[in-house]
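Chemist: Build me a structure from this.
(3 chains)
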Amino acid sequence: MRASLQLGVVGIGLLLGACSSIQPWVKPYERDRLADPIMSWDRDAISGAYLDHVYESREGSRGATGTAGGGCGCN
Amino acid sequence: MKGLKRCAMAAIVVASAAFAASGDASGPAPTFTLTTVTGQQTALSQYKGQVVMVNFWATWCGPCQQEMPLLDQMYKKYKSAGFTLIGVNVDKDAPPVKELLARKPVSFPVLLDPANQVSKAYHVDEMPSSVIIDRKGDIRYIHRGYRPGDENEYQDRIRQLIRE
Amino acid sequence: MPTFPRHLSRLAALAALSLMCVAGAAVLPDDRADVFYSTYRGGGMDITGESVLVRKKFSEQFAVQANYFIDKVSGASVDVTSGASPIKDERKQKSLSLDYIHDKTQYNLAYTNSTERDYISNTTHFSLSQDMFGDLTTVTLGFTDSRDKVGENNGTSHAPIIAWLGHAESRSYEGGLSQVITKNLITGATVEVITDQGLLSNPYRSIRYLDPTVGLKYSPGVPVYPNTRTSTAVEGRAKYFLPYRAAASVSYRYFTDTWGIHANTIELGYAQPVSNVFIFEGRLRHYSQNHATFYSDLFPFANSQNFEARDQNLAASTNNTIDAKMTWAFAPEGFLVFKRATASFDVTRIQFKYKDFRDTRDYTVNNGFAPGTEPLYAFNAMIYQVYISMFF
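Modeler: All right, here's what the predicted structure looks like:
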């Protein structure tokens, strides 16, 4: 598993290097909907963390409960 | 897991290298005619002979809001020296724009580009974007994004072009 | 006398960190202060949660967030097999998080301490998030380290006698990708690998094995857990903006670990704003897992396996959640020093069902249940949350 994880990270690195010439297909002036608060992954951070904690303490599984990104993409 | 961490750091360094920066530019500024929030038709060509800064912004963009009062100050300061600031708003609907300007008015003209034709013509790839055009109508500088302190960069460029 | 489920402190700290490292696109979120209150009632347990959070930017590039959370438990869960005296305990959690943005990269460093009478957890987290391809893509890498001290209360809630039994350590490596697909659709994927080592068992649990020599026909035993555990969780999610202004979301997570547990989680969500003042949200979640290899509700005889456990968390089970939330922007123009403020009310109902964990309370051999034929355990939990968020 370690080897495949390493390969995965190196793969992402190469992909990022090679693809720096890709132009964004959603223009920054078209991001109004993505910047809408209803489109954010976790508007209410305490509540999200609290429910994650209720589930993790009752279930046998854990991990992979959040992602970053989206928004207005400003700056 | 040391190897994994090293790979991860390498990936991030590679990725960091790939972002657009603000800088000098060249070429004639694409002409356009848009309507202001008050309903007047305004064309870029009206301002030939002056140094023009075209600022692309939106109501949903935080850094754009931050910039506005500073742009207003800059406009008032250099107006009499042959400088004009034109705000081009890219929102799809006009009401939120009018509402925002009613609460936080600016003295420079604000034009509406709901169909995003002008944004496309200027290859806007970051919000906010500011394009500085010289007296002859050529693009001289493009600034992408906004961080506090950027207004100093704008002022330097504007003063330079006013003196030309 | 069981207090919180075994890994609660550490897991809560990890969950708190998900709150700490919500890295957005290259702009720091608004300053805010939140006050939160929740109640959980189910499975014989009554738990209240109270929390305060404050977040402040010190420049456009740097922000600090502090959070304080208290859980108070009372009740007697199904795992109390002897002496049903209610327990009362408290867990206090403090977190501090720092965010720093430079160009398109956001760095986060966070520290959390969780303390209860018989469990202390210290967690450190570091992550970085990078925006690329015109900010359509965000890549995140995170690392978390937890050091725990595990104890057992051999006294009562009112007169505790704590014995410290050992330590546990946990390391988590997380990679995430968020991708804007169209102006209406955003997707994300996360992988997280967690390795634990040390004392991983819960001192308050016991196993049971068939014992024809006693009246009850089964006897309790001490659980034996492996001292390592490695797990991998992979999650994918998508959110779509509906043209009349609403958002629909879906997510799926697959989990697998070296204890033989495989779990699936699927969640559907819908958010409907109404006249810029209210947002109504609904959510459905379905979860299922199989049992750990060394889990059994009833072992055939004493010491039948190297590793033995009878913890509900390791049993084969499903749970289904339905959740409704209302957010009210009661001060959209702000009041006092706040730019805007919202109040939220959230009601959640979770139905838990166990496939191989039996409810052995109050059942004696005279009631006709032979060991292993007691009813399968099931219970419902109701959670209410109310919180106010104020933005500067």
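
Chemist: Does B:Leu101 touch B:Val110 like I think?
Modeler: Yes: counting by Cβ atoms under 8 Å, B:Leu101 does reach B:Val110; the two are 6.5 Å apart. In short, each C-beta sits where N, CA and C put it, glycine included.

Chemist: Could you tell me which residues touch both of those two?
Modeler: B:Val37 (Cβ atoms under 8 Å, 6 or more residues apart in numbering or on different chains).

Chemist: neighbour-wise, which of those two wins?
Modeler: B:Val110 (23 against 17; other Cβ atoms under 10 Å in any protein chain shown).

Chemist: What residues are bridge-paired with the more buried one?
Modeler: B:Gly87 (DSSP bridges).

Chemist: what's the nearest residue to C:Asn184 if we skip its chain neighbours?
Modeler: C:Phe241 (4.2 Å; Cβ to Cβ, 6 or more residues apart in numbering or on different chains).

Chemist: Low-confidence stretches in the chain?
Modeler: As the question left the chain open, I've gone with chain A. A:1-22, A:66-75 (pLDDT under 70).

Chemist: that's the other chain; I wanted chain B
Modeler: Looking at chain B by pLDDT under 70, you get B:1-20.

Chemist: give me the number of residues near C:Tyr240?
Modeler: Neighbours of C:Tyr240 using other Cβ under 10 Å come to 17.

Chemist: is it true that it touches C:Leu268?
Modeler: No: C:Tyr240 is beyond contact range of C:Leu268, at 11.7 Å (criterion: Cβ under 8 Å).

Chemist: Give me the distance from the strand or helix carrying C:Leu284 to the chain's centre.
Modeler: Using DSSP states H and E, C:Leu284 sits in strand C:278-289. Chain-centre distance of strand C:278-289: 15 Å, with Cα atoms, centre = their mean, to the nearest Å.

Chemist: re the thing from before, which residues are in contact with each of C:Tyr240 and C:Leu268?
Modeler: With Cβ under 8 Å, 6+ apart as the test, C:Tyr240 and C:Leu268 both reach C:248-249.

Chemist: Which helix in chain B has the most residues?
Modeler: Longest helix in chain B, counting residues (DSSP state H): helix B:62-78.

Chemist: For that one, which residues meet the burial criterion?
Modeler: For helix B:62-78, burial by neighbour count (16 or more other Cβ atoms under 10 Å in any protein chain shown) applies to B:62-68, B:70-72, B:74-75, B:78.

Chemist: Next: stretch B:45-57.
Modeler: Residues B:47, B:50-57 are the ones in stretch B:45-57 that count as buried (16+ other Cβ under 10 Å).

Chemist: just those residues that are near chain A?
Modeler: B:Phe56 (Cβ under 8 Å from any Cβ of the partner chain).

Chemist: Dump the buried residues of stretch B:45-57 to a markdown table, plus secondary structure and distance to chain C.
Modeler: Conversion of the buried residues of stretch B:45-57 to a markdown table gives the following (DSSP: H, G, I helix; E, B strand; the rest coil; distance: Cβ to the nearest Cβ, whole Å):
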| residue | secondary structure | distance to chain C |
| --- | --- | --- |
| B:Tyr47 | helix | 30 |
| B:Gln50 | coil | 31 |
| B:Val51 | strand | 27 |
| B:Val52 | strand | 26 |
| B:Met53 | strand | 21 |
| B:Val54 | strand | 20 |
| B:Asn55 | strand | 18 |
| B:Phe56 | strand | 15 |
| B:Trp57 | strand | 14 |
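
Chemist: Let's have the buried residues of stretch B:45-57 in a markdown table, adding distance to C:Tyr384.
Modeler: Below are these laid out as a markdown table (distance: Cβ to Cβ, whole Å):
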| residue | distance to C:Tyr384 |
| --- | --- |
| B:Tyr47 | 60 |
| B:Gln50 | 62 |
| B:Val51 | 60 |
| B:Val52 | 57 |
| B:Met53 | 53 |
| B:Val54 | 52 |
| B:Asn55 | 47 |
| B:Phe56 | 46 |
| B:Trp57 | 42 |
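
Chemist: quick check, nearest of the buried residues of stretch B:45-57 to chain A?
Modeler: B:Phe56 (6.9 Å; Cβ to the nearest Cβ).

Chemist: which residues does that closest one contact?
Modeler: Going by Cβ under 8 Å, 6+ apart, B:Phe56 touches A:29, B:88, B:90, B:113, B:119, B:122, B:124, B:127-131.

Chemist: mind listing the helices for chain A?
Modeler: A:2-18, A:45-58.

Chemist: Could you give me the buried positions within the shortest one?
Modeler: It refers to helix A:45-58. For helix A:45-58, by 16+ other Cβ under 10 Å, it's A:45-58.

Chemist: Alpha carbons of that helix, as CSV, please.
Modeler: C-alpha atoms of helix A:45-58 as CSV (Å, rounded to 0.1, in the frame of the first residue of the first chain):
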residue,chain,number,x,y,z
ALA,A,45,-18.2,24.0,10.9
ILE,A,46,-19.1,23.2,14.5
SER,A,47,-22.2,21.3,13.5
GLY,A,48,-20.3,19.4,10.8
ALA,A,49,-17.5,18.4,13.2
TYR,A,50,-20.1,17.5,15.9
LEU,A,51,-22.1,15.1,13.7
ASP,A,52,-18.8,13.5,12.4
HIS,A,53,-17.9,12.9,16.0
VAL,A,54,-21.3,11.3,16.8
TYR,A,55,-20.9,8.9,13.9
GLU,A,56,-17.2,8.1,14.6
SER,A,57,-17.9,7.3,18.2
ARG,A,58,-20.7,4.8,17.3
